[in-house]
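Participant: Provide a 3D model corresponding to the input given below.
(2 chains)
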Amino acid sequence: MERDPLVCVMGEDVGHYGGSYKVTKGLATKYGDLRVLDTPIAENSFTGMGIGAAMTGLRPIVEGMNMGFLLLAYNQISNNCGMLHYTSGGQFKIPIVIRGPGGVGRQLGAEHSQRLESYFQSIPGIQMVACSTPYNAKGLMKAAIRSDNPVILFEHVLLYNLKERIPDEEYVLSLEEAEMVRPGEHVTILTYSRMRYHVMQAAKTLVNKGYDPEVIDIRSLKPFDLYTIGNSVKKTHRVLIVEECMRTGGIGASLTAAINENFHDYLDAPIVCLSSQDVPTPYAGTLEEWTVVQPGQIVTAVEQLCK
Amino acid sequence: MSAASLSSAINAIRSASFAHDRSALASNAGHPSSSSVFLGSTAGLRFNPISSSAGRPRSSAAAVAAVAASNVVKEKQPKSSVSGSNLLITKEEGLELYEDMVLGRAFEDMCAQMYYRGKMFGFVHLYNGQEAVSTGFIKLLKQEDSVVSTYRDHVHALSKGVPARQVMSELFGKETGCCRGQGGSMHMFSKEHNLIGGFAFIGEGIPIATGAAFTSKYKREVLKEEGCDHVTVAFFGDGTCNNGQFSECLNMAQLWKLPIIFVVENNLWAIGMSHLRATSDPQIWKKGPAFGMPGVHVDGMDVLKVREVAKEAVGRARRGEGPTLVECETYRFRGHSLADPDELREPAEKAKYAARDPIAALKKYMIESKLASEAELKAIDKKIDEVVEDAVEFADASPQPPRSQLLENVFADPKGFGIGPDGRYRCEDPNFTAGTAKV
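Facilitator: Predicted coordinates:
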C-alpha cells in the first residue's frame, strides 16, 4: 500500500476493527478510511464494486470476512471478475485480489468451515493460490497485488498464529510455482494450506519407519505447476494428494486428472487422494476431527502406496 | 440544489398531487401519472397541470405533459426568437439530440433486419422507443465519464460515442467489433469511450458502476487529482429494482456520496412480467429517499425533460453531493428481445406509447420552435441511413476471428495459464498462439 497508492482494501470490518483476524490491523489509521474501506454487509455488491474499481484503474483487495461469505459474491466473481477481461476483448483488466480465511477451524460449524477453492476453480480467467506459511503468505500476497490478473488468495483460519523468521528485504513469490517442502525419493505427496502441517507431521513418522517422502506444497491451485509436480512424479512414480477440500469435485480431483493425463506413463500405482469427507463440517469436536485428513491416515496411505 | 431541498421539493409535489390510484393499477391501465419534477434552477419551467391529475391513466396525463412542453416554450417565446435563450435547447444541441436518437432507432431497426437475415445471433435486445433516456443522459457526459448498461446496450454504446461500425461488427461476431467479437450483443465495452458494459444478468452491472464511481472519488480524495469530477451513469430496468444488488448499491453510493446516477428505464415489462405484478410499490423513485438520496420521476419519452433532470443529477454528482435515483417512464416498442413473441402486452398500451414516440416529439418541438426546418431534419435522417448502411457493409466485409484469438484475452497476464510439464510457461508454447495449446 505504501509503494502504490492505487492499492486499497475493502471488506467488512477491515478498517477500524482491523479485520476479523487482524490481517489489516493498523492500516486504516495509516492510510485513511477510504483506502481501507469498511463496507456494509453486502458481499455481492462490494465485491462487484471492487471489480468496477479495478476496471477503472485501482488495485483493490477485497476481503471476505470468512471465505464462505464469498458464496454470496459468486455472481460477481464468476461473471465479472473472471470473464470481463475476455468479454471486453482485452480492454479492461481486473487486477483485484480476493482473499479471506477459510478451511476447517475449531468447531466453527458447517458454514464457517467451508473450502471454496473447489467451487471457484472452474471459473475461467482467475488464478487461485493458497498460502501456508508466513513466508509464502507475504510473498504470494505481494505477487497477487502486483499481478494484473484477478487472484483469489486462500488463507486458513488456523494458520494465522504461525510465527516465522522472514527476510527483511523485499521478496515476491511466483503465483504459478509450487514449493518443494521436503525432497525425497519414495513417494510424492502433494498438499496445500493447513494439510501441509499434517503431512509434515506424518512425514516425521514415515521417516522413522524408513520412508523418504517428497513433500510439495502446490500453492498454486489454479493453474497447477505441472513442471515441479511432473518432475517429482517422474522421480518417485507414486503420488499421494492430501487436501482439506471435499472429495467430490475438489482440487484433488482436478489434480488427479491432470497428473493422469500428463504423466500416466510414469506412475507405478494409481494416484491416491485423501480429502475431507463429503460432509457439512459438524460442530462436535470428534466428528470434526474425522471430517478432515489426519496424520495417521497419511502414514497408512503412504505405506499402502509403497507396498 | 441540496439533497434537502430536492427532497422537500419532491415531498411538496407528492403531498399536493401524487395520488396513485390503486384501481388504475389493478386494471393494468398503466403506470399512474406522477409529478415530473424539474429541479433546482429550472423549477420555473415546471409543467402545469401534470401534478394535479390524480389517478388519471398514464397516457392522458402524458399527453398533457407533452403538450405542456410546447406550451411553456410558447409562453416564454421572446419577441425575437433568434436568441433561443428561453428555449430548453439551442439549435446545435437540438440537432445533436435528434441525430443521436435517429441513429439509435435506425441502428436497432437494422439489427432486426440483420438478425432475421442470419447475420446476428443469440439474444438481441432492441431499444426502440427508449431513445430519449439514452440521448437525454449520455449527451451531457464527457468522454471521461462512465456509462454502465445492461443487455439492452447497443444505443448506450452509440450515444457514448462508440462508432456504429464497431458495434455492428461486434454484433456480427467479427474481429473488428468493439470487443473483438468476444462479447456480442449483451456485452458492449469500450475503454476509449468509458463504456463499462454490457451485462447479461440484471443487476450485476450496478456494483460495477458503483466501483467506477468509487474510483472517481478515490482519485479526487486519495490520489489528490483535484479536478477529477468524473461521474458514472448506471442504466437498468424496472425488473432490476427488485434485485438485491440495486438496494445494496443505493445504500453504498449514498453512504459514501459516490458520483453516480442510477437511471431506471422503467418500460413496465421484464420480458413477460408486468412491473405491477412484480413490485409491491411500483413507484421506483421512492426507493431513492428510502436510502437518503433524491428520487425523481421523469417522462422518459421526452428527451428534453430527461435532459433537464439529467443536468441536475449530473451536476449534483460532479459537485460531490452524491447519487440520484432517476426513474424514467419509458416503453420499448418491440419485444424484450428478437426472440420474444410479445404476446402479453395490450395493443392499446402499445398504441398509447407509439403516439409518444420521442423522436417524433422532438421533431415536432424543433420545427414548431423554429429551431430547424423539416429539410434539415430529413437530411439528418438520410445521413444516419448512410452511417448505418456503412456499418453493415463494414461488418459484413470484416473477417471472423481466427483460432489464434481464442485464448488471447483470458488473462491480462498470460502467465496465468501456468507452467507446463516442460518447465516453460504455457503461453510461451508456440501452439499457444495458434489456439491449439493444451491449457
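Participant: quick one, strands of chain A?
Facilitator: A:7-11, A:36-38, A:59-63, A:97-102, A:127-130, A:151-156, A:179-182, A:187-191, A:213-217, A:220-222, A:239-246, A:272-276 (DSSP state E).
Participant: and what of the stretch 301-439 of chain B?
Facilitator: In the stretch 301-439 of chain B, strands defined by DSSP state E, counting those that start in this stretch lie at B:324-329, listed in chain order.
Participant: In it, what residue lies closest to chain A?
Facilitator: B:G418 (2.6 Å; Cβ to the nearest Cβ). Any C-beta I mention is one placed from the backbone N, CA and C, and that applies to glycine too.
Participant: quick revisit: could you export the strands of chain A as CSV, including mean neighbour count, mean pLDDT and distance to chain B?
Facilitator: CSV is the format used below for those (neighbours: other Cβ atoms under 10 Å in any protein chain shown; pLDDT from 0 to 100; distance: least, Cβ to the nearest Cβ, whole Å):
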stretch, mean neighbour count, mean pLDDT, distance to chain B
strand A:7-11, 24, 98, 7
strand A:36-38, 21, 97, 8
strand A:59-63, 28, 98, 8
strand A:97-102, 26, 97, 13
strand A:127-130, 26, 98, 5
strand A:151-156, 25, 97, 9
strand A:179-182, 18, 98, 13
strand A:187-191, 28, 98, 14
strand A:213-217, 25, 98, 13
strand A:220-222, 23, 96, 7
strand A:239-246, 26, 96, 14
strand A:272-276, 21, 97, 20
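Participant: What parts of the stretch 51-200 of chain A come near chain B?
Facilitator: For the stretch 51-200 of chain A, the residues in contact with chain B under the definition Cβ under 8 Å from any Cβ of the partner chain are A:51-58, A:75-76, A:79-80, A:84-95, A:124-125, A:127, A:147-149, A:175-177.
Participant: Mind doing that once more with 6 Å?
Facilitator: Counting by Cβ under 6 Å from any Cβ of the partner chain, the residues of the stretch 51-200 of chain A close to chain B are A:52-53, A:56-58, A:75, A:79, A:85-91, A:93, A:124-125, A:127, A:147-149, A:176.
Participant: In helices only, show me those residues.
Facilitator: Among those, the members falling in helices (DSSP state H) are A:G52, A:A53, A:N75, A:H85, A:Y86, A:T87.
Participant: nearest to chain B, of those residues?
Facilitator: Within these, distances to chain B taken as Cβ to the nearest Cβ reach their minimum at A:G52, with 2.1 Å.
Participant: Of all residues in the chain, which one is nearest the centre?
Facilitator: Since no chain was named, I'll use chain A. A:A130 (2.1 Å; Cα atoms, centre = their mean).
Participant: if you could check chain B rather than the one you did, that'd help
Facilitator: Centrality entry for chain B: nearest residue to the mean C-alpha point is B:S134, 3.8 Å, by Cα atoms, centre = their mean.
Participant: where do the strands sit along the stretch 151-300 of chain B?
Facilitator: Secondary structure of the stretch 151-300 of chain B by DSSP E, counting those that start in this stretch: the strands cover B:189-190, B:195-196, B:232-237, B:260-266, B:269-270, B:273-274, B:295-299.
Participant: CSV please, covering these and showing mean neighbour count and mean pLDDT.
Facilitator: Converted to CSV, the strands of the stretch 151-300 of chain B look like this (neighbours: other Cβ atoms under 10 Å in any protein chain shown; pLDDT from 0 to 100):
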stretch, mean neighbour count, mean pLDDT
strand B:189-190, 26, 97
strand B:195-196, 27, 98
strand B:232-237, 27, 98
strand B:260-266, 28, 98
strand B:269-270, 22, 94
strand B:273-274, 16, 94
strand B:295-299, 27, 96
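Participant: which stretch among these comes nearest B:I138?
Facilitator: Judged by Cβ to Cβ, the one of the strands of the stretch 151-300 of chain B that comes nearest to B:I138 is strand B:232-237, at 7.0 Å.
Participant: residues in chain B within reach of chain A, list them.
Facilitator: Proximity of chain B to chain A is assessed by Cβ under 6 Å from any Cβ, with B:179-180, B:182-183, B:187, B:189, B:191, B:204, B:207-208, B:210-212, B:214-215, B:221-223, B:245, B:248-249, B:251, B:409-413, B:415-421, B:423 identified as the residues in range.
Participant: Any of those residues buried? List them.
Facilitator: Burial by neighbour count, judged by 16 or more other Cβ atoms under 10 Å in any protein chain shown, picks out B:179-180, B:182-183, B:187, B:189, B:191, B:204, B:207-208, B:210-212, B:214-215, B:222, B:245, B:248-249, B:251, B:409-413, B:415-421 from those.
Participant: Could you report the neighbour count for the residue lying closest to B:V148 once chain neighbours are set aside?
Facilitator: In space, not counting the residues next to it along the chain, B:V148 is nearest to B:A209; the distance is 3.8 Å by Cβ to Cβ, 6 or more residues apart in numbering or on different chains. Neighbouring residues of B:A209 were enumerated by other Cβ atoms under 10 Å in any protein chain shown; the total is 30.
Participant: which residues does B:A209 contact?
Facilitator: Neighbouring residues of B:A209 by Cβ atoms under 6 Å, 6 or more residues apart in numbering or on different chains: B:V148, B:T232, B:A234.
Participant: For B:N431, report the pLDDT, please.
Facilitator: The model reports B:N431 with a pLDDT of 78.
Participant: how does the chain divide into domains?
Facilitator: Using chain A. Domains of chain A are assigned by the TED database as A:7-156, A:179-306.
Participant: Let me rephrase: I mean chain B.
Facilitator: Domains of chain B are assigned by automatic domain parsing as B:3-34+B:88-397, B:403-434.
Participant: Give me whichever of those domains is most buried.
Facilitator: Mean neighbours per residue, mean count of other Cβ atoms under 10 Å in any protein chain shown, is largest over the domains of chain B for domain B:3-34+B:88-397, with a mean of 21.
Participant: What confidence value was assigned to B:G197?
Facilitator: Per-residue pLDDT puts B:G197 at 85.
Participant: residues contacting the residue nearest to the centre of chain A?
Facilitator: A:F154, A:Y192, A:S193, A:L221.
Participant: Then B:K174?
Facilitator: With Cβ under 6 Å, 6+ apart as the criterion, the residues that contact B:K174 are B:G181, B:A395, B:S398.
Participant: B:N409 contacts A:L84, doesn't it?
Facilitator: No. Taking Cβ atoms under 6 Å as the contact criterion, B:N409 and A:L84 are not neighbours in contact, 9.9 Å apart.
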